[in-house]
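model this:
(one chain, ligands or ions: 1)
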Amino acid sequence: MIIAVDGTLASGKGTIARGLAAHFGLPHLDTGALYRAVAVAVLSAGDDPADEALAEHAAKTLDPANIDQHAIRTAAAGAAASVVAAQPRVRQALFELQRRFAEQEGGAILDGRDIGTVVCPDADVKLFIDADPQVRAERRWRELVASGDEIQLEEIERQLAERDKRDASRETAPLMRADDAILLDTTHLSIDATLAEAVRIVKNKTGATPGS
Ligand code: C5P
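All right, here's what the predicted structure looks like:
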């Protein structure tokens, strides 16, 4: 069983994907972490994330098992990730890796922006997660502050609007809901309620049971 979880920034898609993975006993890939790791590799070499050849090299040499989970979670890494993610050669390099993960025996859950449309158009269940932009900005701000990033809420609101726009308007694999994806709006839902709803959708579509 392949489950594709796409959605906007700070919509709750990562939490939902992790929760579904634990519930159904499936391996999970956070594909945003791959783009973030490419961005961090480029930035730490002192290079420009907009340089496609350098970003492609970083994507091709990325070791997914060795991603610094702390370094990729900063606001700067997120902003640079959406720049490298707009480059077709970077997307191509990361596509193979994501496809291999999806095709493993027993199935998998992947979350990102183009899983249901490009990486796994054949997924058994496709969810598209969204929430009101103000609610998303506040969520992301709280996460960043909790991890020690001293950033203002206004700055997050600005970055979120910019990244939403860049992710949705890029030519290659723009963020969009697949025709057959089920929309889950988390604006007024708690984490538990959101996850319960996602589990219900997966069960309804596939008949899957916990750990199956
Ligand atoms: O989800 P997260 O905020 O970690 O993703 C960081 C960036 O990576 C996104 O803003 C988006 O530009 C890019 N991304 C993507 N395709 C994916 C996952 C993430 O373009 N499948």
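
which bits of this structure sit near the ligand?
Residues of the chain lying close to the ligand (CB under 6 Å from any ligand atom) are 9, 31-32, 35-36, 78, 81-82, 85, 112-115, 163, 167. Glycine gets a C-beta too; all of them are placed from N, C-alpha and C.

what about these, which one has the most neighbours?
residue 115 (31 neighbours; other CB atoms under 10 Å).

you'd agree residue 109 is in a helix?
No. Applying DSSP: H, G, I helix; E, B strand; the rest coil, one finds residue 109 to be strand, outside a helix.

report how many residues lie close to it.
Residue 109 has 31 nearby residues by other CB under 10 Å.

for residue 172, the count of nearby residues, please.
Using other CB under 10 Å, residue 172 has 14 other residues around it.

was I right to think it contacts residue 84?
No. With contact defined as CB atoms under 8 Å, residue 172 and residue 84 do not form a contacting pair (11.8 Å).

give me the mean pLDDT for stretch 51-71.
Taken as a whole, stretch 51-71 carries a mean pLDDT of 95.

check stretch 134-152 too.
Mean per-residue pLDDT for stretch 134-152: 92.

I'd like the next helix or strand past the helix or strand residue 20 falls within.
Assigned by DSSP states H and E, residue 20 belongs to helix 13-24. As assigned by DSSP H and E, the chain's next helix or strand after helix 13-24 is strand 28-30.

can you give me the strands for this protein?
Shown for the chain, the strands assigned by DSSP state E span residues 2-7, 28-30, 108-112, 125-130, 182-185.

for those strands, which one ends up most surrounded?
Most buried of those by mean neighbour count (mean count of other CB atoms under 10 Å) is strand 2-7; its value is a mean of 28.

gap between it and the chain center?
Relative to the centre of its chain, strand 2-7 is centred 9 Å away, using CA atoms, centre = their mean, to the nearest Å.

quick one, it and helix 13-24 angle?
160 degrees (axes from the mean of the first three to the mean of the last three CA atoms, to 10 degrees).

adjacent strands (with direction) for strand 2-7?
Neighbouring strands of strand 2-7 in its sheet, by DSSP bridges, are strand 108-112 (parallel), strand 125-130 (parallel).

neighbours around residue 50, how many?
Neighbours of residue 50 (other CB under 10 Å): 13.

was I right to think it contacts residue 83?
Yes. Between residue 50 and residue 83 there is a contact at 5.7 Å, judged by CB under 8 Å.
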